[in-house]
Each structure stands twice: as C-alpha cells, then as structure tokens.
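# Using only what follows, build the 3D model:
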Amino acid sequence: MGNRLTQIVTRTGDDGTTGLGNNERVLKSSLRVQTMGDVDELNSNIGLLMCDVIEKQELDFLKKVQHELFNLGGEISIPGYELLKLSAVEELDVAIQKYNADLPKLEEFILPGGSRAAALAHVCRTIARRAERSIVALGAQEKINDAPRLYLNRLSDFLFILARIFNRQGNKKDIYWDSNRSRASEK
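Numbering: from 1, shown residues only. From the prediction side, this is the model:
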C-alpha cells in the first residue's frame, strides 16, 4: 500500500495526474480515479446525512458504512488489492432485513423527500448508484473484486429503506408518486 498522506499540498498533481495507492501515476480523468471520486462523494454525503438528527443506532451503523466506503475507495486505489470483505455485504443484508421488516409495504414508487434526513438519504442512495455504475464500468475494463460492486448495490437499497425509516422517525409520510398526475398531464 502506498504511503499515507503527510501533507496535503504536494503539487505532484499539477500535471493532471494523481498517485494511486500502489504509487502508479494515472490521469485524473481515468475511470479508476472517477470511481474513487464517486465513492468519496458518497462518503462525504453520508457524513452530511449523519449531521441530521437521527437515532444512535442508525448513526453508529452509518459510521461503520463510512469506514467500509473508505476501505472500498482504498481497494479501488490499489489495483489487484482487496480491502472490502464480503462480510461487509452480509452485514448490509442483515441490516436491510432488520430495518425493512417493520415498514409498510410499498404502494407505489416513492419520491425523495419527507423529512430532511430522508431526503439526504435519497441523495446518498443516488450517489451510491452512480458509484456502482462506475465500479461496473471499471470492472468491464479490468479485474475488480466482487465485494465493491455488491456492497454499493446493497448500500443503495439500505439507504432507500433508511429514508423510509427517517420519515417514520420524523413523523413524516413517504411521498408516493401519483401516476394519475402523469396521465392527466398527457391529455
């Protein structure tokens, strides 16, 4: 693994390249760097979500997610290396089952919104989907372990469920898409 940062301003990226964890230099526009950026953006937005008033149990789980996302980003930054374990995917599966168990069945598609925490969880969900697409695209070009792709897929599902949980905790209702509204505007 590459050296840990000891200073932030190095000027080594002034030429449009950046260093990977294995000390290889690549263009900042490379798909690998884009994928790392998408994962970093997701992690940052989860940090923003955690600033909202949420229960300690969810806060603790999201802290764990942030650490796993840092592992995922580290794995992407070091071609051929494994940091994110399949056990992290299994933990998300357990959380999905637990949190989804008490939610009412979906009646229709849900629009992002309700409480602020729910809306932020939806933003995180959409960033997780983008990061997943980046992982898939990178995996089409070079060998990527399964855990990062699986983790992001499960995480986006978990964040959707969490948005619904946050609405319930905030005494807000999920905002269901009104398909009749769409049909009325077509006439």
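
# Quick check: chain neighbours aside, which residue is closest to the residue nearest in space to the middle of the chain?
Nearest residue to the geometric centre of the chain (CA atoms, centre = their mean): residue 128, 3.3 Å. In space, and not counting its chain neighbours, residue 128 is closest to residue 156: 4.0 Å by CB to CB, 6 or more residues apart in numbering. All C-beta spots, glycine's among them, are computed from the backbone N, C-alpha and C.

# same deal with residue 48?
Per CB to CB, 6+ apart, closest to residue 48 is residue 120, 6.2 Å.

# count of residues packed around the one you found?
By the criterion of other CB atoms under 10 Å, residue 120 has 23 neighbours.

# and the residue nearest to residue 128, that's in a helix?
Yes. Under DSSP: H, G, I helix; E, B strand; the rest coil, residue 156 falls within a helix.

# these two touch, right, it and residue 130?
No. Here residue 156 lies out of contact with residue 130, judged by CB atoms under 8 Å, at a distance of 9.5 Å.

# what are the ranges of the strands in the protein?
Secondary structure of the chain (DSSP state E): strands at 17-19, 25-27, 110-111, 175-176.

# and of those, who's closest to residue 44?
strand 17-19 (17.6 Å; CB to CB).
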